[in-house]
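Enquirer: Just a sequence and a predicted model for now, questions to come.
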Amino acid sequence: MPLGFFALEPGPWGAPLVPSAEPHPVFPGGPCVGDPDSDDGFLVSAGTRNTVVLHPDDARGLRQDPDLARHCSGCCGLHGRAGMNRQCPCGAHVGTLVNDCNTAYELHLEPSRVRPATD
């Protein structure tokens, strides 16, 4: 996502992930992920629809979850499959950063947890 722009992701995005018999990307535009509990199944998102997608640098003041280890199992960064990993200064989880080598570089904000700032 370019700096200064935003989009709405109409499809389900983020955790929880649910089994699927069809090989669809776990998130729109992402890789297919095998279901570890099935020999021939896959995982797909059953998360929130209409997440607000931003360039990560456009979300000033957000910080990473201090328990980042539970979110980071990609080879180069965060894959987003473990749930929200960004917090506002009060500590509330508000979104999910994805920045692994096989994902887009973007931040998805949960629409029920954020509102636009009025400067």
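Expert: Arrived safely, thanks for sending.
Enquirer: Quick check, residue 31 in contact with residue 104.
Expert: No. Assessed by CB atoms under 8 Å, residue 31 is found out of contact with residue 104, at 11.0 Å. Every residue, glycine included, has its C-beta placed from N, CA and C.
Enquirer: Quick check on the two: which one has the bigger neighbour count.
Expert: Just comparing residue 31 and residue 104: by other CB atoms under 10 Å the higher neighbour count belongs to residue 104, 16 against 11.
Enquirer: Which secondary structure element of the protein has the lowest mean pLDDT?
Expert: When each helix and strand of the chain is scored by mean pLDDT, DSSP states H and E, strand 33-34 comes last, with a mean of 88.
Enquirer: which secondary structure elements does the biggest strand by length in the chain contact?
Expert: Ranked by residue count and defined by DSSP state E, the top strand of the chain is strand 93-98. Here strand 93-98 touches strand 86-87, strand 106-109, going by 3 or more CB pairs under 8 Å, 6 or more residues apart in numbering; DSSP states H and E.
Enquirer: make it 10 Å
Expert: strand 51-54, strand 86-87, strand 106-109 (3 or more CB pairs under 10 Å, 6 or more residues apart in numbering; DSSP states H and E).
Enquirer: what pairs with it, and is each one parallel or antiparallel?
Expert: strand 86-87 (antiparallel), strand 106-109 (antiparallel) (DSSP bridges).
Enquirer: who wins for proximity to residue 36 among those strands?
Expert: With CB to CB as the measure, strand 106-109 is the member of the strands paired with strand 93-98 nearest residue 36 (23.3 Å).
Enquirer: Pull the distance from that closest one to the chain's centre.
Expert: 6 Å (CA atoms, centre = their mean, to the nearest Å).
Enquirer: cool, stretch 112-119 as well?
Expert: In this view, stretch 112-119 has its centroid 18 Å away from the chain centroid, taken as CA atoms, centre = their mean.
Enquirer: I'd assumed residue 107 was in contact with residue 62.
Expert: Yes. Using CB atoms under 10 Å, residue 62 is in contact with residue 107, at 7.7 Å.
Enquirer: Pull up the overlap in contacts between these two.
Expert: Contact criterion CB atoms under 10 Å, 6 or more residues apart in numbering; residues shared by residue 62 and residue 107: 54, 56, 85-86, 94-95, 97.
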